[in-house]
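Trainee: Attaching a predicted model along with its sequence, questions to come.
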Amino acid sequence: MKQKFLLVISILIIFTISACGSAEPTVSPQDQAATAMAEAWFIITQTQAALPTFTPIPPTNTPEPTFTFVPTLPVIATLPPATVASAPTQDECNQPPPLKPQGTQVKIEIKNESGGSVNLSLGMNSPNDKNECVTYSFSLGNNNDITATNVLAGCYWGWGWVDAPAGKVDSIAKTGSQIHCMKDTNVVYHLVVTQERIDLK
């Protein structure tokens with residue numbers, strides 16, 4: 001900065017001297033301007049050369065944080081898989097009855113005493129000796145009864161949707177925890193459907 005300031009001062013001095021000199025200068029104004037420009041460029045190049053060179057700052061190698069291992073938990077002993085008794089799966093016994101049943105068949109009478117119409121399902125609890133396991137569907141009107149003569153012998157659960165008449169509450173009739181076994185071919189079995197129960201009489 002100081003050198004630039006000196007350059008400006010030098011140029012001003014040169015012009016001042018040339019103005020105060022004789023009427024006929026020995027150097028033409030073009031030569032004086034060229035000299036001043038040359039000196040200015042000389043000072044600029046010297047200043048530029050005197051500047052410190054750029055030295056890149058080396059990166060600091062900061063080590064990465066070390067990973068702290070979490071203590072491992074002891075292995076928990078696994079229990080053996082629970083064995084299920086020979087109960088059939090839902091899909092196994094949720095099959096439609098065959099057109100020609102192979103197993104022994106029994107006769108049942110179903111009476112609707114629910115006070116409304118009933119959509120009834122009777123499903124086998126386990127397959128018979130022919131590996132047949134089916135679910136029967138019956139629809140009964142109020143106070144209706146039906147007789148089915150080709151029902152496979154076995155133990156059954158029951159579930160029915162009772163559609164009550166206007167002004168009354170619909171309900172569900174079911175066997176609950178009871179299973180009704182009907183295996184004797186010499187007996188006519190009687191099932192009674194009420195508002196909440198399906199019972200073997």
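Mentor: Thanks, I have the structure now.

Trainee: any idea how far the nearest residue to residue 199 once chain neighbours are set aside lies from residue 107?
Mentor: Leaving out its chain neighbours, the residue that sits closest to residue 199 by Cβ to Cβ, 6 or more residues apart in numbering is residue 192, at 5.4 Å. Just so you know, the C-beta spots here come from the backbone N, C-alpha and C atoms, and that holds for glycine as well. Noted for residue 192: a distance of 16 Å to residue 107, by Cβ to Cβ, to the nearest Å.

Trainee: cool, residue 133 as well?
Mentor: For residue 133 relative to residue 107 (Cβ to Cβ), the value is 20 Å.

Trainee: Of the two, give the one with the bigger neighbour count.
Mentor: residue 133 (21 against 15; other Cβ atoms under 10 Å).

Trainee: To what extent is the nearest residue to residue 154 once chain neighbours are set aside buried, counted in neighbours?
Mentor: Spatial nearest neighbour of residue 154, excluding adjacent residues (Cβ to Cβ, 6+ apart): residue 124 at 4.6 Å. When counting by other Cβ under 10 Å, one arrives at 26 neighbours for residue 124.

Trainee: ok, now which ones touch residue 124?
Mentor: 88, 93, 132, 133, 134, 135, 152, 154, 155, 156 (Cβ atoms under 8 Å, 6 or more residues apart in numbering).

Trainee: For the protein, name the helix or strand with the lowest mean pLDDT.
Mentor: In the chain, the helix or strand scored least confidently by mean pLDDT, DSSP states H and E is helix 2-20, which has a mean of 65.

Trainee: was I right about residue 196 contacting residue 173?
Mentor: Yes. At 5.6 Å, residue 196 counts as touching residue 173 under the criterion of Cβ atoms under 8 Å.

Trainee: So for these two, which sits in the more crowded spot?
Mentor: residue 173 (23 against 13).

Trainee: Name the residues of the helix or strand containing the more buried one that are buried.
Mentor: Using DSSP states H and E, residue 173 maps to strand 171-174. Residues of strand 171-174 classed as buried: 171, 173, 174 (neighbour count, 16 or more other Cβ atoms under 10 Å).

Trainee: And for stretch 177-196?
Mentor: Those would be 180, 182, 189, 191, 192, 193, 194, 195, for stretch 177-196 by 16+ other Cβ under 10 Å.

Trainee: Adjacent strands (with direction) for the helix or strand harbouring residue 157?
Mentor: Using DSSP H and E, residue 157 sits in strand 154-163. Strand 154-163 has the following strand partners under DSSP bridges: strand 117-124 (antiparallel), strand 171-174 (antiparallel), strand 180-182 (antiparallel).

Trainee: Report the mean confidence score over that strand.
Mentor: Mean pLDDT, computed over strand 154-163, is 93.

Trainee: Surely residue 197 and residue 173 touch.
Mentor: Yes. Assessed by Cβ under 8 Å, residue 197 is found in contact with residue 173 at 5.8 Å.

Trainee: where exactly do the helices run in the protein?
Mentor: 2-20, 29-50, 90-93 (DSSP state H).
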